[in-house]
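**Q** Okay, structure incoming, though there's no sequence with it:
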Ligand SMILES: [Zn+2]
Ligand SMILES: [Zn+2]
């Protein structure tokens, strides 16, 4: 099986570093949730465009998945946070420091909601001792260990616009976590929308309409568990059920949808897929860690787990 996966992956191996204008490549580095899970690391999605890397969320284990995906840590200079729930940021200190040790040539730029500035500042402070040892005893420049933060002021803000790549942040509905953002990435004719954590969101539908690839969160639980557990009921209320997901997809009409941040209680992926299939006829897929997706004139999925080495 592993060997078979290797051959499926060959086109991507040749395509790496020659990503063409308008072509976007997505790597799902972490498709999980706060639940520690060896198969689903914390939320993190990489988008590569024109040889540049844009990382959306930095969940648990992100540096390990980057290594497995063959993406150099030093190349990651732009991070976009959807919101500040710990599962989305717990890999940030590791990325900031290990990327620096591996010769990142600039500070790490982090864009996110209110609170991002404080997060970046305090991470730098928390790791001062290490930054001081290493910059005193090696050629590492302490400036490159720093975090440059940008807090999004309002939904609809263009947070990156350079070399034909445009990234827009828009508000989603993860109440009571406010603000929480989704992102739209555009390059040439192609676009990708990342929902972040959200329940059903009209604003997401507005921003995502007719996008090539919609990357959306998904959550589901057995009804009995919800009934018996008020906390679970509250958790489900700020995530997206399969029924809501189908309604969103029917309105957005993406060429392809991929579900991530897979939050399931007492129910499995096949059951979730079946529920969505009953209500939506388009193409969708539930991601695993290290799934790669090429978004060009066509959208191609490359087999998941192909580079997981244990
Ligand atoms: Zn989350
Ligand atoms: Zn969240």
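**A** That came through fine. Source: prediction; values computed, not measured. Ligands and ions are numbered 1, 2, ... in the order given.
**Q** Residues of the chain that sit close to ligand 1?
**A** 85, 87, 197 (C-beta under 5 Å from the ion). In short, each C-beta sits where N, CA and C put it, glycine included.
**Q** Most neighbours among the residues you listed, which one is it?
**A** Comparing the residues of the chain next to ligand 1 on neighbour count, residue 197 comes out first with 26 neighbours (neighbours: other C-beta atoms under 10 Å).
**Q** surely that residue meets residue 261?
**A** Yes. Counting by C-beta atoms under 8 Å, residue 197 does reach residue 261; the two are 6.4 Å apart.
**Q** For these two, list the residues in contact with both.
**A** Contact criterion C-beta atoms under 8 Å, 6 or more residues apart in numbering; residues shared by residue 197 and residue 261: 217, 239.
**Q** In the stretch 101-250 of the chain, what residue lies closest to ligand 1?
**A** Nearest residue of the stretch 101-250 of the chain to ligand 1: residue 197, at 4.4 Å (C-beta to the ion).
**Q** measure the residue nearest the centre of the chain to residue 172 for me?
**A** When the chain is reduced to its mean C-alpha position, the nearest residue by C-alpha atoms, centre = their mean turns out to be residue 45, at 2.7 Å. Residue 45 sits 15 Å away from residue 172, taking C-beta to C-beta, to the nearest Å as the criterion.
**Q** what do you get for residue 208?
**A** On the measure of C-beta to C-beta, residue 208 and residue 172 end up 10 Å apart.
**Q** Between the two, which contacts overlap?
**A** In contact with both residue 208 and residue 172: 182, 195, using C-beta under 8 Å, 6+ apart.
**Q** need the contact list for the residue of the stretch 151-300 of the chain found nearest ligand 2.
**A** Of all residues in the stretch 151-300 of the chain, residue 197 sits closest to ligand 2, at 3.5 Å by C-beta to the ion. Residue 197 is in contact with 82-83, 85, 88, 172, 174, 177, 180, 217, 238-239, 261, counting by C-beta under 8 Å, 6+ apart.
**Q** how about residue 203, secondary structure?
**A** Recorded secondary structure, residue 203: helix (DSSP: H, G, I helix; E, B strand; the rest coil).
**Q** With residue 55 instead?
**A** Three-state assignment for residue 55 (three-state DSSP): strand.
**Q** Buried residues in stretch 210-229, which are they?
**A** The neighbour-count check on stretch 210-229 (16 or more other C-beta atoms under 10 Å) flags 211-221, 226 as buried.
**Q** Now these in a markdown table, please, with extra columns for distance to residue 72, secondary structure and pLDDT.
**A** A markdown table is the format used below for those (distance: C-beta to C-beta, whole Å; DSSP: H, G, I helix; E, B strand; the rest coil; pLDDT from 0 to 100):
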| residue | distance to residue 72 | secondary structure | pLDDT |
| --- | --- | --- | --- |
| 211 | 28 | coil | 98 |
| 212 | 26 | coil | 98 |
| 213 | 24 | strand | 98 |
| 214 | 28 | strand | 98 |
| 215 | 23 | strand | 98 |
| 216 | 29 | strand | 98 |
| 217 | 28 | strand | 98 |
| 218 | 31 | strand | 98 |
| 219 | 33 | strand | 97 |
| 220 | 36 | strand | 97 |
| 221 | 39 | strand | 96 |
| 226 | 43 | helix | 94 |
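**Q** Farthest-apart pair in those residues, please.
**A** 212 and 226 (34.0 Å; C-beta to C-beta).
**Q** Looks like residue 252 contacts residue 210 (just checking).
**A** Yes. Using C-beta under 8 Å, residue 252 is in contact with residue 210, at 7.3 Å.
**Q** Without its sequence neighbours, what residue ends up closest to residue 54?
**A** residue 47 (4.7 Å; C-beta to C-beta, 6 or more residues apart in numbering).
**Q** What does the pLDDT read for that neighbour?
**A** Looking at residue 47, its pLDDT reads 98.
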